[in-house]
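In: sequence and computational prediction follow.
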Amino acid sequence: MIKGNGKKKAATDSQETATPAKNCCIWSLDDERKLMEYAVQHHAKGGNGMNLTKLFWVGATAEMATHPCPEGTPKTPKACQSKWTQISTIVVLIHVPLLI
């Protein structure tokens, strides 16, 4: 059994405050809603089912650029695709029954 000296280590500044990386996109709920709306409106351009093409993500990026981005870096095709992966289950559950 290993015993410590009974003293707790003090947290460093980097441990106390978590700040986003400089190249990180900040997604507001409004941004997520706009991405969902774009995907629902343009899903036919996306390719086979919801396996969306690179061209689709370029269009999504152009759409996101029309809205102000007060924090973080502008949205990129890769960032839009990554965010879509995170929220797509919700969109499919809500919107697919409406499309039938």
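Out: Looks like it came in fine.

In: please make it C-alpha for all contacts and neighbour counts, starting now.
Out: OK.

In: which non-adjacent residue is nearest residue 26?
Out: Distances taken as CA to CA, 6 or more residues apart in numbering put residue 72 closest to residue 26, at 5.1 Å, once the chain neighbours are dropped.

In: from what I can see the one you found touches residue 79, true?
Out: No - using CA atoms under 8 Å, residue 72 makes no contact with residue 79, being 11.8 Å away.

In: ok, the two, which is more surrounded?
Out: residue 79 (17 against 14; other CA atoms under 10 Å).

In: name the nearest residue to the more buried one, ignoring sequence neighbours.
Out: Spatial nearest neighbour of residue 79, excluding adjacent residues (CA to CA, 6+ apart): residue 25 at 7.2 Å.

In: helices of the protein, start to end?
Out: For the chain, the helices defined by DSSP state H cover 13-16, 29-42, 54-65, 77-99.

In: name the helices or strands packed onto the third one?
Out: Read that as helix 54-65. Under the contact definition 3 or more CA pairs under 8 Å, 6 or more residues apart in numbering; DSSP states H and E, helix 54-65 sits against helix 29-42, helix 77-99.

In: one more time with 7 Å, if that's ok
Out: Contacts defined by 3 or more CA pairs under 7 Å, 6 or more residues apart in numbering; DSSP states H and E place helix 54-65 against helix 77-99.

In: pLDDT averaged over the helix it packs on - what is it?
Out: For helix 77-99, the mean per-residue pLDDT is 75.

In: now stretch 60-72
Out: Averaging pLDDT along stretch 60-72 gives 82.

In: next, the closest residue to residue 71 other than its chain neighbours: phi, psi?
Out: The spatially closest residue to residue 71, leaving aside those adjacent along the chain, is residue 26, at 6.0 Å (CA to CA, 6+ apart). When quoted as degrees, to the nearest 10, the phi and psi of residue 26 stand at phi -100, psi 120.
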